[in-house]
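**Q** This is the structure alone, sequence omitted:
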């Protein structure tokens, strides 16, 4: 839910997480062994799920940077936006290429790319054991 998997739903994921009691209550079944739980014996209505949209608390939505961080953490990519989307006009002024169209560059040509470093991996070269870093750039 942190990754905004319910962004399509009328209620937001942060509202679901903020609930003090879950929408599906489990109780110990009558006549069954201790420790067994059942969705169907919990006295829920209709299709087995209780209507809880009206009972959800009114809380502030997560800030966009936090929401995007959750999406990236849970899914490995952004769903509802991109951290650099609000800077798109400014970034175009300073960059000559994006990572998508780098294959159109000639070898040895000078280019400008704007983005942010998402990951840094420090390592040593094989031959001379010199320090080296591998960067993951997102644009």
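**A** Alright, I've got the coordinates. Quantities reported herein were computed from a predicted structural model and do not represent experimental measurements. Numbers count the residues shown, from 1 in each chain.
**Q** looking at the protein, which helix or strand does the model trust least?
**A** helix 13-18 (a mean of 59; mean pLDDT, DSSP states H and E).
**Q** Tell me where this structure has strands.
**A** 116-124, 131-138 (DSSP state E).
**Q** who wins for proximity to residue 106 among the ones you listed?
**A** Among the strands of the chain, the nearest to residue 106 by CB to CB is strand 131-138 (20.0 Å). In this view, the C-beta of every residue, glycine as well, is placed from N, C-alpha and C.
**Q** same for the closest one, what does it pack against?
**A** The contact analysis (3 or more CB pairs under 8 Å, 6 or more residues apart in numbering; DSSP states H and E) places strand 131-138 against strand 116-124.
**Q** Isn't residue 84 up against residue 139?
**A** Yes. Using CB atoms under 8 Å, residue 84 is in contact with residue 139, at 7.0 Å.
**Q** what sits in contact with each of the two?
**A** 91, 115-116 (CB atoms under 8 Å, 6 or more residues apart in numbering).
**Q** need the residues you listed in CSV with pLDDT, can you?
**A** Shown next, in CSV, are these (pLDDT from 0 to 100):
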residue, pLDDT
91, 86
115, 87
116, 87
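**Q** Could you turn the buried ones of those residues into a PyMOL selection?
**A** Filtering these down to the buried ones (16 or more other CB atoms under 10 Å) takes a single PyMOL command:
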select buried, resi 91+115
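**Q** Relative to residue 68, which of the shared contacts of residue 84 and residue 139 is nearest.
**A** Nearest member of those to residue 68, counting by CB to CB, is residue 116, at 12.0 Å.
**Q** how much space between that closest one and residue 131?
**A** 22 Å (CB to CB, to the nearest Å).
**Q** From residue 91, how far out is the nearest residue to residue 96 once chain neighbours are set aside?
**A** Ranked by CB to CB, 6 or more residues apart in numbering and with sequence neighbours excluded, the top spatial neighbour of residue 96 is residue 112, at 4.6 Å. As for residue 112, its distance to residue 91 is 10 Å (criterion: CB to CB).
**Q** Kindly report the same for residue 74.
**A** In terms of CB to CB, residue 74 sits 26 Å off from residue 91.
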